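J.: Dropping a prediction and its sequence here:
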Amino acid sequence: MLGSTVLEVAIGLTFCYGTVALIVSTLQEALAALFRLRANTLLAGIKTMLNDPRFAGLARAVYAHPLVNPHTDGNARSEGALRSKPSYIEPAHFAIALVDSLWRVPGDFVQLRASIDALPDPQLRAALQGLYGRAHDLQQFQDMLASWFDNAMARMSGAYKRRQLLISLLLSLLLAILFNIDSIHLFKTLWQQPALSAHLQHAPAALDPALIGALSVLPIGWRDFPPRFDADFALQVAGWMVTASTTLFGAPFWFDLMQRVVRMRNTGAKPEESGAALRVDSRIAAAAPGGAPSSVPITAAVTAVTAVSTNAGASALPRLP
């Protein structure tokens, strides 16, 4: 009974945490699309990389290039005038767009050095001069620019992920408070009433009304609102914080763990082994004279099985009377 209770509690908790994480990730994707977070982060990274915070120099020229931003006419004079912003730029396309924005005579690799020397920003000029001095031809220079872009975007991607983790934590905490998803109360209730999670048979594949309905069966939600600010409320806040922190693992982690626990619950008890008795019976039958069926009583066979189990070092069966 204890093992069954532990499994039911584990299934209920993992289902709840996975569902909350799935809701949070869906909200995050919606917010990212609504506020164009990826596109704005990419633009901010390129402006920082090219030292063009006002979007008036090389950053604007790169975004006007058709390989970088094919859905614009290239006439945007400010960041706000951009009708579309890409969420991803191929490093090779960035390198080509930057080279096209630099040189005055297309195809003249020697003249490109003069364009780099004429850049007004000293930090950007020094960076490009260093890359140009190590390149033997135009293709190698473009490969170096693409690698430079990759490294800069890797740093921006790390900052974006950290910011998204913070947003995820805040959203999950907001959900835990709004729907009173208290992990401590949830654990106590499932431990006392494990049948509350008996309806959970498999991990959900998507966020749908059936998933929300299954979540509502669990002991969550407000019963008394507003809460009283006492010792129980402090314990409730701790339960909210535990729920919010679990979403950082992501929905796939919790649903995979839930599926494993469900398989353990559905496995059932291990059947009793009868192989030893069958082996003894076959050897008794083979020992009978003339191949006839043995007339040894059943009690003798049971005695032989006991002797085999206790005398593990014996190499043959004991002689039967």
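T.: Thanks, I have the structure now.
J.: list the buried ones in stretch 155-175?
T.: Neighbour-count burial for stretch 155-175, counted by 16 or more other CB atoms under 10 Å, picks out 156, 160, 164, 167-169, 171-173, 175. Bear in mind the C-beta positions are built from the backbone N, C-alpha and C, glycine included.
J.: how distant is that stretch from the center of its chain?
T.: Averaging C-alpha positions (CA atoms, centre = their mean, to the nearest Å) puts stretch 155-175 13 Å from its chain's average.
J.: can you tell me how far residue 127 sits from residue 93?
T.: 19 Å (CB to CB, to the nearest Å).
J.: Looking only at residue counts, what's the top helix in this protein?
T.: If you go by DSSP state H, the chain has its longest helix at helix 138-178.
J.: what pLDDT, on average, does it get?
T.: On average, the pLDDT along helix 138-178 is 94.
J.: And that helix, what does it pack against?
T.: helix 2-35, helix 37-49, helix 91-102, helix 109-117, helix 122-134, helix 231-246 (3 or more CB pairs under 8 Å, 6 or more residues apart in numbering; DSSP states H and E).
J.: If we go by neighbour counts, what in the second one is buried?
T.: Read it as helix 37-49. In helix 37-49, counting by 16+ other CB under 10 Å, buried: 37-39, 41-47, 49.
J.: Same check on the fifth one?
T.: Along helix 122-134, the positions that meet the burial threshold by neighbour count (16+ other CB under 10 Å) are 124, 127-128, 131-132.
J.: One more: the fourth one?
T.: Burial within helix 109-117, assessed by neighbour count using 16+ other CB under 10 Å, is assigned to 109, 112-113, 115-116.
J.: Then the third one?
T.: By neighbour count, with 16+ other CB under 10 Å as the criterion, the buried positions of helix 91-102 are 91, 93-99, 101-102.
J.: Run through who's touching it.
T.: 46, 58, 61-62, 65, 67-68, 106, 112, 115-116, 128, 138, 141-143, 145-147, 149-150, 153 (CB atoms under 8 Å, 6 or more residues apart in numbering).
J.: Quick one: the buried residues of stretch 155-175 as TSV, columns for distance to residue 190 too.
T.: Formatted as TSV, those follow (distance: CB to CB, whole Å):
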residue	distance to residue 190
156	43
160	37
164	31
167	29
168	25
169	24
171	24
172	20
173	22
175	19
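J.: Which members of these are the farthest-apart pair?
T.: 156 and 175 (28.3 Å; CB to CB).
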